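>>> When you get a sec, could you give me coordinates for this:
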Amino acid sequence: MDLRALECVVALADEAHFGRAAMRLNLSQPALSQRISALEDEIGHALFVRVRGPIHPTEAGAAFIRRARVAIANAEAAKSDAKLAATGSIGRLRIGFTQIVLYRNFPELLRRFRERFPDIETILSELYSPAQEQALMDGRLDIGFVHPPLVFKDLKVQTLDQIPLVMAMPSDWPQAKQSSIRLADSADMPFLMAPREIGPVFHDGIVAACRQAGFNPNVVQEAAPMSMLIGLASAGLGAGFVCECLSVVQRPGVSFLPVEDKLPTMPVAMAWRRDNPNPAVKHFLETAVETDFEAA
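As a prediction, this is how the structure comes out:
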C-alpha cells in the first residue's frame, strides 16, 4: 500500500466514476481499476460497490477512505514542513545563555526573533560558558551566549558586548559610603569570587588587577552566578566584582561602587559550530545583528 493507492481510492470516492477518477489522476481506466482491485485484495474486503450508476463505497470502504484522506493530508503537510524547515522558517533552535545576558538585550533579541519566526521553537538552557562550549561541540546547542576567550577554536564567535565591572559590597561597610573605590583600599576586605574553572581568564584577570594594586585577594567564599555573589554581599559575607548591568537590581543591603583601577571587562559573544546545518541559526544571527545588544 502506497500513497498513490490511497489517492486512487479517494479520487474514486469523490468522482463516483472510474473514468472521471482516472482522468483526475492522469491514469488509464484499466490502470485505476487494477490499483483498486489490488488494494482490495491486500485488505481482504471490497472497498466499492460496483453496480450500475454511481460507484459508492462499502462500509469498509467508507472507513478506509476517512483514514486515507487524513494520510494524504499528512503527507502533503509533511512535504510542506520539510520545505519550510529547509529554509529555517519552522523547526527549533536550542540556545544557551548565562545569567548575565538577561540583564543586557538578550530578552529583546529573543522577543524579536520569536515575533519574526513564530514557528521556530526556541529551547533555552542557562549554562556556564564552558558548559555551553561543550554542548555546542556535542551538538546539544545551536547557539551559545558565552564569555570569550573560548577553549574550542572550531567554534565561530561574534562579539556582542564588553561589560564593565563594579564592586558589590555590604551597604553597612564604611567604604560603601564612597562614590568609588580604589583596589588598594580593598586589600583587607574579605572577597567573594567565582570558581576559577567557570571562567579562568576572567578569574585570573581579577587576581592580576589586585596584585597590581599590591595585594592578593582574600577569598572567603566562592560564589556563582553573580546574583549569588550579590546575595552573599547583602548578608555581609564579603565584597566582589559583578557586571555593572546587575546593579540595576536594587537589593537591600548591597552597594555597587565603580572601581578607579583598570579591571578586566566581561566579554559577551555568540558562538556556534561552523558546520551546524540548522538554517534557523542564520536567521537568529541576522536578528542579532539588527539588535543593539549593549542596550540595557
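>>> Now I72: which helix or strand?
Taking DSSP states H and E as the criterion, I72 maps to helix 59-86.
>>> The next helix or strand after that helix vs helix 59-86, what angle?
Following helix 59-86 in sequence order, the next helix or strand is strand 91-97 (DSSP H and E). Orientation of strand 91-97 against helix 59-86 (axes from the mean of the first three to the mean of the last three C-alpha atoms, to 10 degrees) gives an angle of 40 degrees.
>>> Strand 91-97 packs against which elements?
Contacts defined by 3 or more C-beta pairs under 8 Å, 6 or more residues apart in numbering; DSSP states H and E place strand 91-97 against strand 120-126, helix 129-138, strand 143-146, helix 280-289. Every C-beta, even on glycine, is put in place using the N, C-alpha and C of the backbone.
>>> Quick one: work out the angle between the last one and helix 59-86.
Going back to what we said before, that points to helix 280-289. Going by the same axes, to 10 degrees, helix 280-289 makes 50 degrees with helix 59-86.
>>> Now helix 280-289: average pLDDT?
Mean pLDDT, computed over helix 280-289, is 92.
>>> Report how many residues lie close to E244.
Other residues within reach of E244, judged by other C-beta atoms under 10 Å, total 17.
>>> I'd assumed D161 was in contact with it.
No. Contact criterion C-beta atoms under 8 Å: E244 and D161 do not qualify, at 11.2 Å.
>>> ok, and for stretch 245-254, which residues are buried?
Neighbour counts using 16 or more other C-beta atoms under 10 Å place C245, L246, S247, R251, V254 of stretch 245-254 among the buried residues.
>>> now, which of those sits nearest G236?
The closest of the buried residues of stretch 245-254 to G236 turns out to be V254 (C-beta to C-beta; 10.0 Å).
>>> which strand residues sit across from that closest one in the sheet?
Note on V254: beta-bridge partners by DSSP bridges are P170.
>>> Please name every helix or strand in contact with the lowest-mean-pLDDT helix or strand in the chain.
For the chain, counting by mean pLDDT, DSSP states H and E, helix 59-86 ranks last in confidence among helices and strands (a mean of 82). Applying 3+ C-beta pairs under 8 Å, 6+ apart, we find helix 59-86 packed against helix 3-15.
>>> So for the helix it packs on, what gets flagged as buried?
When burial is assessed from 16+ other C-beta under 10 Å, helix 3-15 yields the following buried residues: L6, E7, C8, V9, V10, A11, L12, A13, E15.
>>> Also stretch 27-45?
L27, L32, S33, R35, I36, L39, E40.
>>> Next, the angle helix 3-15 makes with whichever strand or helix holds the last one.
Secondary structure assignment for E40, by DSSP H and E: helix 29-43. Here helix 29-43 runs at 110 degrees with respect to helix 3-15, directions being taken by the same axes, to 10 degrees.
>>> Surely F191 is within a helix?
No. Using DSSP: H, G, I helix; E, B strand; the rest coil, the assignment for F191 is strand, not a helix.
>>> For L183, see how far away it is.
According to C-beta to C-beta, to the nearest Å, F191 stands 11 Å off from L183.
>>> same thing with H17?
Counting by C-beta to C-beta, the gap from H17 to L183 is 91 Å.
>>> quick one: which of the two has more around it?
L183 (21 against 16).
>>> I'd guessed that one sits against P258; true?
No. L183 lies out of contact with P258 (C-beta under 8 Å); the separation is 11.8 Å.
>>> on that earlier part again, any idea how far the least confident helix or strand of the chain is from the middle of the chain?
In terms of C-alpha atoms, centre = their mean, to the nearest Å, the centre of helix 59-86 is found 31 Å from the chain centre.
>>> Quick check: buried residues in it?
G61, F64, I65, A68, A85.
>>> Out of these, flag the one nearest to L124.
Closest approach to L124 among the buried residues of helix 59-86 (C-beta to C-beta): A85, at 20.2 Å.
>>> and the spatially most central residue of the chain, what are its bridge partners?
Central residue of the chain (C-alpha atoms, centre = their mean): I95, 2.5 Å from the mean position. Assessed by DSSP bridges, I95 has beta-bridge partners L124, I143.
>>> Quick check: the gap between it and A288.
Separation of I95 from A288 (C-beta to C-beta): 11 Å.
>>> mind listing which of the buried residues of stretch 245-254 are in strands?
Counted as lying in strands by DSSP state E, out of the buried residues of stretch 245-254, are V254.
>>> Format the buried residues of stretch 245-254 as CSV; extra columns: distance to P225 and pLDDT.
Conversion of the buried residues of stretch 245-254 to CSV gives the following (distance: C-beta to C-beta, whole Å; pLDDT from 0 to 100):
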residue, distance to P225, pLDDT
C245, 13, 92
L246, 9, 93
S247, 15, 91
R251, 14, 88
V254, 15, 96
